[in-house]
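In: Make a model of this:
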Amino acid sequence: MKQTKRSLASYFRIDEDRNEGHTGHVDGSHRWKLPGIICPACKAIWSSGSKAYPSVDLTPVASLADFEQARPEPVDEYERLCELVRPLLPQGGMLEPGARFGPIMGKAQGRFGQLVSPVPWVLLIQRDALEKLQTEGLRGLKGCRTDLRFRQRASPELLELEILPVGRVHLDCLPPHHEPPCPRCGRHGIPRPRELLLDASTLPSHLDLFRLEDYSSVIVCTQLFVDTYERLGLDGVVFHPLPTQMP
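Out: Below you'll find the predicted structure:
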């Protein structure tokens, strides 16, 4: 029997800290979005929306109205719209049905931590906390402006971290006889495993913060990120260890 070796956690999943007593609430969405997709091959109508690029400004795109309303579209129309925005993506960016662009727009209120995760796939940060982490040399931290209206006068400056999709889960944490992704639209249709195991061969060596490519609602950070966060006394999120394994 082939033996596999799992490494001790040097990567962590980031989640909201529900025990901190913060009362902050964000109600908003990104300014632009790709439509969902109607796939003629697998017959699925789907959209994810967990890949977001808040630095991308779509105002140069001629058919801007096509990116303002959430809706499903046939594959050909979806692919046409992808080609309009692809040149504007940051290096390493990937598209998917429902991908979001531009600043988060909406309302916010309450008391916020230094880091804020209003939903699992979005990570906001107060400007002073971002500057502290960047000064410590953490890699891959890009803060983008938000367009949030606060009800209180003493409101924080919240930026959204633009988090690139890199890395995949290991096959050992997926069902043994799962179907391959749809060859037309790429949908794999496998719910996120309860116990995540990362494929060590796919993880970046140049980033301390990233999201998984195949389960992009999962935001991952390195041990260095965790150690620096704790040493600086930041708050707002918690870290769950993620084991890794080579193929």
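In: where's the closest residue to residue 172 other than its chain neighbours relative to residue 41, distance?
Out: Distances taken as Cβ to Cβ, 6 or more residues apart in numbering put residue 197 closest to residue 172, at 5.8 Å, once the chain neighbours are dropped. C-betas here are computed from N, CA, C, even on glycine. The gap separating residue 197 from residue 41 is 29 Å, by Cβ to Cβ, to the nearest Å.
In: From the centroid of the protein, which residue is nearest?
Out: Most central in the chain under Cα atoms, centre = their mean is residue 121, positioned 4.3 Å from the mean C-alpha point.
In: Can you tell me the element it falls in?
Out: Using DSSP states H and E, residue 121 is not contained in any helix or strand.
In: List the contacts of it.
Out: 49-50, 52, 211, 216-219 (Cβ atoms under 8 Å, 6 or more residues apart in numbering).
In: residue ranges with poor pLDDT in this structure?
Out: Residue ranges of the chain with pLDDT under 70: 1-9.
In: for it, what spans make up the helices?
Out: 75-85, 127-135, 223-231 (DSSP state H).
In: Name the nearest residue to residue 212, sequence neighbours excluded.
Out: Once flanking residues are discounted, residue 212 sits nearest to residue 218: 4.6 Å by Cβ to Cβ, 6+ apart.
In: gap between that neighbour and residue 67?
Out: Distance from residue 218 to residue 67, by Cβ to Cβ: 25 Å.
In: re the thing from before, most neighbours among the contacts of residue 121, please name it.
Out: Among those, residue 52 has the most neighbours (other Cβ atoms under 10 Å), with 27 neighbours.
In: doesn't residue 100 make contact with it?
Out: Yes. Counting by Cβ atoms under 8 Å, residue 52 does reach residue 100; the two are 4.1 Å apart.
In: Name the residues contacting each of the two.
Out: Joint contacts of residue 52 and residue 100 (Cβ under 8 Å, 6+ apart) are residue 30.
In: who has more neighbours, residue 197 and residue 41?
Out: residue 197 (18 against 11).
In: Spit out the contact partners of the more buried one.
Out: Contacts of residue 197 by Cβ under 8 Å, 6+ apart are 6, 169-170, 172-173, 242-245.
In: That one and residue 189, how far apart?
Out: The gap separating residue 197 from residue 189 is 19 Å, by Cβ to Cβ.
In: before we move on, what about residue 18?
Out: Relative to residue 189, residue 18 is positioned 30 Å away (Cβ to Cβ).
In: try residue 241
Out: Distance, residue 241 to residue 189, by Cβ to Cβ: 27 Å.
In: Residue 54 too?
Out: 28 Å.
In: Residue 144 bridge partners, please.
Out: residue 160 (DSSP bridges).
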